[in-house]
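Trainee: Compute the structure for the input listed below.
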Amino acid sequence: MTDPGTEQADPGGDALDIPEWLRPVVVVCTFAALMWVVEIIDLIPGTNLDRWGIRPREIGGLIGIVTMPLLHDGFGHLISNTIPFVIMGSLIAASGVARYALVTLIITAVAGVGTWLTGPGHSLHLGASALVFGYLTYLLARGFFERKPGYILMGLVVLFLYGGVLWGVLPRPGISWQGHVFGALGGVVAARVVHAEAVARRQARAATM
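Mentor: You can find the predicted model right below:
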């Protein structure tokens, strides 16, 4: 007989116990996997999920501010965004999932609203590249705001590896450079907001000198 006062270990209780260091990567990869699921669903004839992208200055196109990062113009477009999205997103999430969510929210809002306001009429804007640009500039700018050697070094490494994507802010036919520009701006805004305390501390020290 089993003693009712003793606890028995659940053999399946740790099946989903993800190591703490891996959880940020899982969160980012789950977001990326959602993009792939959406693109696969979009293959179903008659689905056309891409119509929910940003359509500048159209009321119905406002929903694209939220949905744009999930929608892509084919798997080639999706693949080109997935790798830098996962790598840079994981670097941000390593400092905290809540911080990653806030950074992503700010970049999405700035990039989406900016694109909706300034994009060419009758155009459609899709893709997570705005987030990729935002993650890149956030990783660069947070080192400036925090002045931590580790952040600065990480920002320089990311710039070396992915700095070439910054050419995407230049106007080119068929490319949503507005999303790239405002995504990059959103990354700087996110760094300023998230690391405002560090900036305030430096300003307070400067004021007392």
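
Trainee: What's the local residue count around the residue nearest to Phe133 when sequence neighbours are not counted?
Mentor: For Phe133, ignoring the flanking residues on the chain, the nearest one in space by C-beta to C-beta, 6 or more residues apart in numbering is Gly183 at 3.8 Å. C-betas here are computed from N, CA, C, even on glycine. Applying other C-beta atoms under 10 Å, we find 33 residues neighbouring Gly183.

Trainee: Provide a list of residues in contact with Gly183.
Mentor: Ile107, Val110, Ala111, Ser129, Ala130, Leu131, Val132, Phe133, Gly134, Thr137 (C-beta atoms under 8 Å, 6 or more residues apart in numbering).

Trainee: OK, contacts around the last one?
Mentor: Going by C-beta under 8 Å, 6+ apart, Thr137 touches Gly183, Ala184, Leu185, Gly186, Gly187, Val188, Ala191.

Trainee: same thing but at 7 Å, please
Mentor: Contact analysis of Thr137 by C-beta atoms under 7 Å, 6 or more residues apart in numbering lists Ala184, Gly187, Val188.

Trainee: ok so, going back, with respect to Gly179, which of the contacts of Gly183 is nearest?
Mentor: Ala130 (4.0 Å; C-beta to C-beta).

Trainee: thinking that closest one is in contact with Ala109, fair?
Mentor: No - using C-beta atoms under 7 Å, Ala130 makes no contact with Ala109, being 10.6 Å away.

Trainee: if we look at the helix ranked longest in the chain, which residues are touching it?
Mentor: Taking DSSP state H as the criterion, the chain has its longest helix at helix 97-118. Outside helix 97-118, the residues that touch it by C-beta under 7 Å, 6+ apart are 23-24, 27, 54, 56-57, 61-62, 64-65, 68-69, 89, 92-93, 125, 130-131, 134, 138, 176, 178-179, 182-183, 185-187, 189-190, 193-194.

Trainee: Can you give me the neighbour number for Tyr162?
Mentor: When neighbours are counted by other C-beta under 10 Å, Tyr162 registers 18.

Trainee: correct me, but it touches Ile83?
Mentor: No - judged on C-beta under 7 Å, Tyr162 makes no contact with Ile83 at a distance of 9.5 Å.

Trainee: Please enumerate the helices of this structure.
Mentor: With helices called from DSSP H, the chain shows them at 23-41, 64-67, 75-93, 97-118, 129-146, 149-162, 177-194, 196-208.
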